[in-house]
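Participant: The following block contains a protein sequence and its predicted model.
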Amino acid sequence: QVQLRESGPGLVKPSQTLILTCTVSGGSLTTNYYDWNWIRQPPGKGLEWMGAIAYSGGTYYSPSLKSRTSISRDTSSNQFTLQLNSVTPEDTAVYYCAKAETPFGVVTARYFDYWGQGTQVTVSS
């Protein structure tokens, strides 16, 4: 059973950098065909996929956030991290980390199977 847990500040000031960490247990960041995602949900809106880091270490980002987003990992501690620069109040959301699997690398078969409980981040001065 894979478990994910988000951690980080609940309040960030505008223009600052948000850093969130996801700690993974019961699974490895380097297992073939797993990728590790950040997803957020602003109040009253739907889920927004932000980006992911694959088992290979490759990273993928939403085009709308790519210029402000960086995802990295620490395989020794089984953690991956989201960095979001120059935050604004529009970045206020519940942030989730989640595991996805792409069986045998078939992109059309990709699915999400484990999620963290989410962490509220508010951007306000």
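Facilitator: Yep, that arrived.

Participant: residues near Phe104, how many?
Facilitator: 7 (other C-beta atoms under 10 Å). (Glycine included, C-beta is placed from N, CA and C.)

Participant: Please identify the nearest residue in space to it, excluding sequence neighbours.
Facilitator: Spatial nearest neighbour of Phe104, excluding adjacent residues (C-beta to C-beta, 6 or more residues apart in numbering): Tyr33 at 6.7 Å.

Participant: My guess is the one you found contacts Glu101. True?
Facilitator: Yes - counting by C-beta atoms under 8 Å, Glu101 is a contact partner of Tyr33 at 5.8 Å.

Participant: In stretch 9-27, which residues are buried?
Facilitator: For stretch 9-27, burial by neighbour count (16 or more other C-beta atoms under 10 Å) applies to Val12, Leu18, Leu20, Thr21, Cys22, Thr23, Val24, Gly27.

Participant: ok, now stretch 111-125?
Facilitator: For stretch 111-125, using 16+ other C-beta under 10 Å, the buried residues are Tyr114, Trp115, Gly116, Gly118, Thr119, Val121, Val123.
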